[in-house]
Structure formats: C-alpha cells, structure tokens
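Novice: predicted structure and sequence below. I'll ask about it afterward.
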Amino acid sequence: MDTWAAIRSERTSLVDALSGLPDEAWDKPSLCAGWRVRDVAAHLIATAQMTPPKFVVKLAASGFRFPAMAAADIRRVTAGAGNADLVALYRSLVGSRNAPPGPATSWLGETIVHGEDIFRALGPHRDHPVEQVTAVADFYAGSNLLIGAKDRIAGLTLRASDTDWSHGAGPEVTGPVIALVLAMTGRKQILDDLAGEGVTILRERA
C-alpha cells in the first residue's frame, strides 16, 4: 500500500464530509475529550502543516507537554477562521507530506481515528478501505507512540469480525476492525460495539 496516497485519499474523503456539515455541528463535542468538532479539524490541519523541526521547537516551547502544544496549535488555526475557512484550508493540504516526526502510517491512523472522533460523535459513520484500516491496526498494535496502544491491548486477543485480521493472545475482543482500532487508541465510547471477555479489561484501561 502506498501510505501517502492512502493519507491523501482519506483526507479527501474526510474534507468532503466536513464540507457538508451544518454550522451548528462544528461546535458539538467530538469523541476526543475536551475537543469540539472544529478543534479536531484544526488539529488535523496543524498536523498537515507540521515538519519535524517545527515539532521540536513547538514541543519545547510548550514545556515538552504534547497536549499543551496541540492546544496552542488549535488556537492558532482556529483564530478568526470560520467553518468554511477550515474546510478550504484542510482541502489545500490533502496532498501535503509535511508531518511531525514518525512513520507515515501514524498519520494515516490519525486521519482515520480523528475522522471517526468527529462523525461517530455526530451520528453518521464513514466507510474506510479495509486495507487502510488493517494497516493502521497493525501499526497501533505494535506501538506505544503517544497513545500507548500496545500496552493497552497487552495480554488480549483482538479479532476482527468483518475481515481477516487478528492480533495477540489472551482474553478475546471481537468486533469490526475500525472499532478495534478506536479501542486501541483509548476511545472508551466504542467498547459497546465490541464483544468478548477482554472488553472488561479494555474498559479498565481506557
């Protein structure tokens, strides 16, 4: 899979969906605690504008506290920007290969997961190519980068009910692969979409 092509495709799909949102939806809470829909969109914009040197400088300026850095970037992106402005800016960045330091699959995962943060909070879900979701699932299953996914699922078997994907050993957690990805990233709201004795353990770790 060409990961950057997948990121471009996912961003294009997401910005098309964002462009159809009514104004009142942009101020609704997302699945990301403390972030409105427009905050999540601004965070994705900031990621697509980032470079490794900028990331280091911004992180240092925020006292090496990633949440503080992300909040500052959200304020910067949203300052004086209307909803249509955010859509236009994000659309201009769909092909950007700028990013913080890290593997490209992490930015595909961020785009998919934050898109789910928005649209699952609003009600309608979006479809994603299964090969992109399973690539992200493989990445998160082996990574503790920022969100601690690898530790969160330690000692559990994750098994997708809609495609041939599984990981780990131990009490089982089953459900759609996108729901498993969201559970790996700590979205406790998704746990009701999963089944198996391992769900209780995930709920304690979320």
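Specialist: In hand now; what should we look at? Residues are numbered from 1 along each chain as shown.
Novice: how near is Arg187 to Val113?
Specialist: Applying CB to CB, to the nearest Å, the value for Arg187 to Val113 is 8 Å. Quick note: C-beta positions are derived from backbone N, CA and C, even for glycine.
Novice: actually, Gly82.
Specialist: For Gly82 relative to Val113 (CB to CB), the value is 25 Å.
Novice: and the longest helix anywhere in the chain, what does it pack against?
Specialist: If you go by DSSP state H, the chain has its longest helix at helix 104-122. If you count contacts as 3 or more CB pairs under 8 Å, 6 or more residues apart in numbering; DSSP states H and E, helix 104-122 packs onto helix 3-19, helix 37-49, helix 130-141, helix 177-184.
Novice: I'd say Ala72 and Val57 touch.
Specialist: No: judged on CB atoms under 8 Å, Ala72 makes no contact with Val57 at a distance of 11.8 Å.
Novice: out of those two, which sits in the busier spot?
Specialist: A direct count of neighbours by other CB atoms under 10 Å for Ala72 and Val57 places Ala72 higher, at 15 against 12.
Novice: number of nearby residues for Gly175?
Specialist: 22.
Novice: for Tyr90, see how far away it is.
Specialist: Relative to Tyr90, and taking CB to CB, Gly175 is found at 29 Å.
Novice: spit out the contact partners of Gly196.
Specialist: Taking CB atoms under 8 Å, 6 or more residues apart in numbering, we find Gly196 in contact with Arg159, Pro171, Glu172, Val173, Thr174.
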